[in-house]
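Enquirer: My questions are about this predicted structure, shown below with the sequence.
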Amino acid sequence: MDQARTSTATQAPADNRRAEAMLSGMSPWVYVLAASATLLHFLFNSRYGFFRDELYYAACGEHLAWGYVDHAPLVAVVSRVTRAVLGDSLFALRFFPALAGAAKVFLGGWIAREIGGGKFAQFLAAVTVLLAPIYLTFDNFLSMNAFEPVFWMGCVAIVLRILNGGNRCLWLLCGAIAGMGILNKHSMLFFVSGIVIGLLLSSARRELLNQWFWLGTGFAMLLVFPNFLWEMHRGWPTMALLRTVIGSKYCTVEPLDYIWQQSLLTHPFCAPIWLAGLWFFFADPRGRTYRVLGWAYLVVLAEMLTFHGKIYYMAPAYVMLLAAGCVWMEQQAWLGTRQWRKPAIVIMLFAGGAIAAPLAMPILPVKSAIRYSHFWNVQAIRVENVPQDDLPQLFGDMFGWQEQVEAVARVYQALPAEARSAATILAYNYGEAGAIDYFGRRYGLPRALCGQNQYGFWGPDKRPTAVVVAIGFRKAELSRLFSDVLPTANVHSQYALPEERDLTIFVCRNPKLSLLESWSRLKYLD
């Protein structure tokens, strides 16, 4: 009886705080900070050059399908729409990721308000999301990672509204967002599983018996079904790719290191805040209503440790933990009675964000970025087993592509007219092939062939090829396919990653087999 009275007494003030937060509306600073996030990316996202994967997604956008071997289909659609509406500039290709930055900041403030945070908690949550290095990185170039936290946190915002007494038909909207999130990146499935297990393990398990929950689940499955059919009809190529890269291309991180490195995603200054958010969900009576979200985080973390996910695969979850931590901080008496602590915390966060930002975005001139990266030993934190040199992989993969295309174009244009009309361009990896397809039209180049990942599935046509201009290969590899392999030009890019820095361009003649017949030797997953 006493325990029930205590629980009721604790719950009532929490409900009152949530009601007050909802009635007071969103802090205007959340909107200001959301707009600032997009403006920040607009200022800096046109520096350096195109990222390797951006060129690949653009190529996929020219081959729209319900699936691709190494990613879900939505990013290809975004690329296609962007180029059709905004053009081919670097700024244009990165326009929608910059908008996603604003959405994350807004959702941070929204979630803080939904769980009872006042104006300061909403503002602080928006600040922490704005300054998190991993989100600064995600939103500065086109990839599904820019949109993934928006889908995860969109579902969280709806779950919170339902737990706070919202209409159960909102599960339909949650299902729609989850389905689109899976079409953006398959790792959304991990978060969905975390939410379901979290519901099962918390007092919110009653939602699993609600018809609207299952209607929303069915709607999500309906959206994803075409992608499921694409995978099934092609023998589950995405699973085959994952089996190939985990433990080889992807760095394997020990569990304790994996957990420790999570603090780097949001900056170490913010780690106490999101840890407080986890505490809020599990141990604070005011946050136990939302324990489903704490369980969701722990379930996804366990899944990532089990399947050796990259450290940033957990990144989308930190928006909700940061928001919860800010609410917990606001509700502590020691923070409320000592007002100087609020500006001190904000100043400290902005100082940490200013230190981390040049490591996450191309803010500094290249030579300064090299010195700054070495000072902070950024190369020690790796997600892929890719050779690095002066620049970390994030920045190094933004250099070299246009120089390669220009060099290939010179070799191609130097061919006799009759050879040029029937020549094919062969690239070793999808970065080189994507660059040729993206920039090559202005030089009169045909589309590139490549054996890596989705390019390998597209393959060559049945047209006989007498001359091949190849880039990225070693001569010995090409000699197994052609009787005549002539090194014709070299291309050097000072700041590119080592594997792209110095390449030879070959002109290959007298094929031993047609490209179609030898394609199985060229096709690979990586």
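Expert: Perfect, I can see it now. Numbers count the residues shown, from 1 in each chain.
Enquirer: looking at the sheet around T424, what are its partners?
Expert: T424 forms beta bridges with V468, as assigned by DSSP bridges.
Enquirer: May I have the residues that are in contact with it?
Expert: 446, 449, 460, 465, 467-469, 515 (C-beta atoms under 8 Å, 6 or more residues apart in numbering). For the C-beta atoms, the positions are set from N, CA and C on the backbone; glycine is no exception.
Enquirer: Ranking by neighbours, what's the top pick from the residues you listed?
Expert: Neighbour counts for those peak at V469, which has 27 neighbours (criterion: other C-beta atoms under 10 Å).
Enquirer: Do I have it right that that one meets A409?
Expert: No: if you go by C-beta atoms under 8 Å, V469 and A409 don't touch, sitting 9.5 Å apart.
Enquirer: re the thing from before, quickly name whichever of the contacts of T424 is closest to G116.
Expert: Of all those, G116 sits closest to L449, with 57.3 Å by C-beta to C-beta.
Enquirer: name the helices or strands packed onto the host helix or strand of R113?
Expert: In the assignment (DSSP states H and E), R113 maps to helix 95-114. Packing partners of helix 95-114 (3 or more C-beta pairs under 8 Å, 6 or more residues apart in numbering; DSSP states H and E): helix 2-24, helix 28-44, helix 74-86, helix 119-131, helix 133-138, helix 144-163, helix 318-330.
Enquirer: Nearest approach to G353 belongs to which of these?
Expert: Comparing those by C-beta to C-beta, helix 119-131 comes nearest, at 3.1 Å.
Enquirer: name the helices or strands packed onto that closest one?
Expert: Using 3+ C-beta pairs under 8 Å, 6+ apart: helix 119-131 touches helix 28-44, helix 95-114, helix 318-330, helix 341-360.
Enquirer: Now do that helix against helix 318-330, angle only.
Expert: Between helix 119-131 and helix 318-330, the angle comes out at 150 degrees (axes from the mean of the first three to the mean of the last three C-alpha atoms, to 10 degrees).
Enquirer: Let me see the mean pLDDT of helix 119-131.
Expert: For helix 119-131, mean pLDDT is 96.
Enquirer: Go ahead and flag the most central residue of the chain.
Expert: For the chain, the residue nearest the mean C-alpha position is N145 (1.4 Å; C-alpha atoms, centre = their mean).
Enquirer: so who does it touch?
Expert: 138, 185, 312, 315.
Enquirer: and those, which of them are in helices?
Expert: F138 (DSSP state H).
Enquirer: Quick check: of the contacts of N145, which has the highest neighbour count?
Expert: Neighbour max across the contacts of N145 (other C-beta under 10 Å) = F138, 24 neighbours.
Enquirer: quick one: contacts for M221?
Expert: G179.
Enquirer: Just name the shakiest helix or strand of the chain by mean pLDDT.
Expert: helix 2-24 (a mean of 52; mean pLDDT, DSSP states H and E).
Enquirer: Let me know how buried I381 is, in neighbour terms.
Expert: 15.
Enquirer: Now it, what are its backbone angles?
Expert: phi -100, psi 110 (degrees, to the nearest 10).
Enquirer: same question, the one 5 residues further on
Expert: Backbone torsions of V386, given as degrees, to the nearest 10, read phi -110, psi 130.
Enquirer: And it, how far from H71?
Expert: 18 Å (C-beta to C-beta, to the nearest Å).
Enquirer: Point out where the stretch 201-350 of the chain drops to low pLDDT.
Expert: For the stretch 201-350 of the chain, the stretches with pLDDT under 70 are 247, 333-338.
Enquirer: now the helices for it?
Expert: In the stretch 201-350 of the chain, the helices defined using DSSP state H, counting those that start in this stretch lie at 211-233, 237-245, 255-266, 271-282, 291-307, 318-330, 333-337, 341-360.
Enquirer: So what angle separates the directions of the fifth one and helix 271-282?
Expert: Okay, so that is helix 291-307. Going by the same axes, to 10 degrees, helix 291-307 makes 120 degrees with helix 271-282.
Enquirer: buried set for helix 291-307?
Expert: Across helix 291-307, burial judged by 16 or more other C-beta atoms under 10 Å covers 291-301, 303-305.
Enquirer: now swap in the last one and tell me
Expert: Under the neighbour-count criterion of 16+ other C-beta under 10 Å, helix 341-360 has 342, 345, 349, 352-353, 356-360 buried.
Enquirer: So for those residues, which is the shakiest by pLDDT?
Expert: K342 (84).
Enquirer: Excluding chain neighbours, what is closest to that one?
Expert: F120 (6.3 Å; C-beta to C-beta, 6 or more residues apart in numbering).
Enquirer: which residues touch stretch 509-516?
Expert: 424, 426, 449, 459-462, 464-468, 480-484, 486, 518, 522.
Enquirer: let's see it at 6 Å
Expert: 460, 462, 465, 467, 481-484 (C-beta atoms under 6 Å, 6 or more residues apart in numbering).
Enquirer: farthest-separated two in these?
Expert: The largest separation in those, counting by C-beta to C-beta, is between K462 and D484 at 22.5 Å.
Enquirer: Between these two, which is the more surrounded one?
Expert: Shown here are K462 and D484; by other C-beta under 10 Å, D484 has more neighbours (13 against 7).
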